[in-house]
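Undergrad: Model the structure of this input:
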Amino acid sequence: MHADWLIPDWPAPAGVRAVFTTRAGGLSAAPYDSLNLGDHVGDLPAKVAANRTLLRQALGSRAVFLQQVHGSEVLALDAATEDGQQADACVTQETGVACTIMVADCLPVLLATDDGAAVAGAHAGWRGLAGQGGQGVLEAVHAAMKADARTLAWLGPCIGPSAFEVGAEVKAAFEAAQPEAARLFVPTGAGKYLADLPGLARLRLQALGMTRIYGNDGSDAWCTVRNPARFFSHRRDAGPAGNGFGTTGRMAACIWRA
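TA: I've put the predicted structure just below:
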């Protein structure tokens, strides 16, 4: 593993391994420098392929890349699963296959059953997290894992509460399912709010009975926007005040059974 990558600090079951990549350790040139793993953001295909090969070699397992669409579809992975299938979460009970979630501001959530028999990853932007009628990507992957309260979760880096400004419709989408979500939105004026995305994910996981939740605590150290040297950020780099290129790379959160 590259020294700059994040290894989750959590009591993972025996045989379960996980990692979150950063910008470091790849071959791509600016603005994708250097470990861009996204094949849909304008980077040279040969560089993306080489970066994905570097990741798979580091894992000693085959990272399976999804086509993520901010939904709640869950894909079961096996040795024959190909890259590019549409889903925003994946689960596996097989060894040698890594559930892989790409992000550049959205929240990656990694999960493992207490006995290590199943692992999963979920891509939790606000749309996928909120879902419909209180059923979003975390509820879907929890059901697909046949998980219970003993399941562990790790939240990776994402856009933090000091940077994630949203409209009233986002606040309403979460409050409709959980009125207590209101405390995770801080008004900034003109109908805008700063939203605590990892806090909202914790609230959803706790509603599923999960209490062992690790990782992102909402501090700036975990914020993709606030750490440009370490993390890609779509909002920071591709927004109106971005890097001038109008794009950015993608990082990956991976979990697998070794």
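Undergrad: now the lengthiest helix in the chain, how far from the chain's geometric center?
TA: Identified as the longest helix of the chain according to DSSP state H is helix 45-59. Centroid separation between helix 45-59 and its chain, computed with Cα atoms, centre = their mean, to the nearest Å, is 19 Å.
Undergrad: strands paired with the helix or strand following that helix, and their directions?
TA: Later in the chain than helix 45-59, the nearest helix or strand by DSSP states H and E is strand 62-65. If you go by DSSP bridges, strand 62-65 pairs up with strand 97-103 (parallel).
Undergrad: can you state the direction angle for the strand it pairs with and helix 45-59?
TA: Orientation of strand 97-103 against helix 45-59 (axes from the mean of the first three to the mean of the last three Cα atoms, to 10 degrees) gives an angle of 130 degrees.
Undergrad: How about the residue sitting nearest the centre point of the chain: what's its closest non-neighbour residue?
TA: The chain has P108 as the residue nearest its centroid, 1.5 Å off, counting by Cα atoms, centre = their mean. Among residues not flanking P108 along the chain, A253 sits closest, at 3.5 Å (Cβ to Cβ, 6 or more residues apart in numbering). Any C-beta I mention is one placed from the backbone N, CA and C, and that applies to glycine too.
Undergrad: The one you found: what's it in contact with?
TA: 18-21, 100-101, 103, 108, 110, 121, 156 (Cβ atoms under 8 Å, 6 or more residues apart in numbering).
Undergrad: Please list all residues in contact with D9.
TA: 214-215.
Undergrad: one step back: so which elements touch the longest helix of the chain?
TA: Identification of packing neighbours for helix 45-59 by 3 or more Cβ pairs under 8 Å, 6 or more residues apart in numbering; DSSP states H and E yields strand 16-20, strand 62-65, strand 251-257.
Undergrad: 6 Å instead, please
TA: Packing contacts for helix 45-59, counted by 3 or more Cβ pairs under 6 Å, 6 or more residues apart in numbering; DSSP states H and E, involve strand 62-65.
Undergrad: follow-up on the earlier one: would you agree the residue nearest to the centre of the chain is in contact with I101?
TA: Yes. Taking Cβ atoms under 6 Å as the definition, P108 is a contact partner of I101 at 4.4 Å.
Undergrad: how much space is there between the most far-flung residue of the chain relative to its centre and D196?
TA: Centroid-distance maximum for the chain: A190 at 29.6 Å, with Cα atoms, centre = their mean. For A190, the distance to D196 (Cβ to Cβ, to the nearest Å) stands at 19 Å.
Undergrad: How about V186?
TA: 8 Å.
Undergrad: Then W10?
TA: 20 Å.
Undergrad: And these two? Which one has more around it.
TA: Just comparing W10 and D196: by other Cβ atoms under 10 Å the higher neighbour count belongs to D196, 20 against 16.
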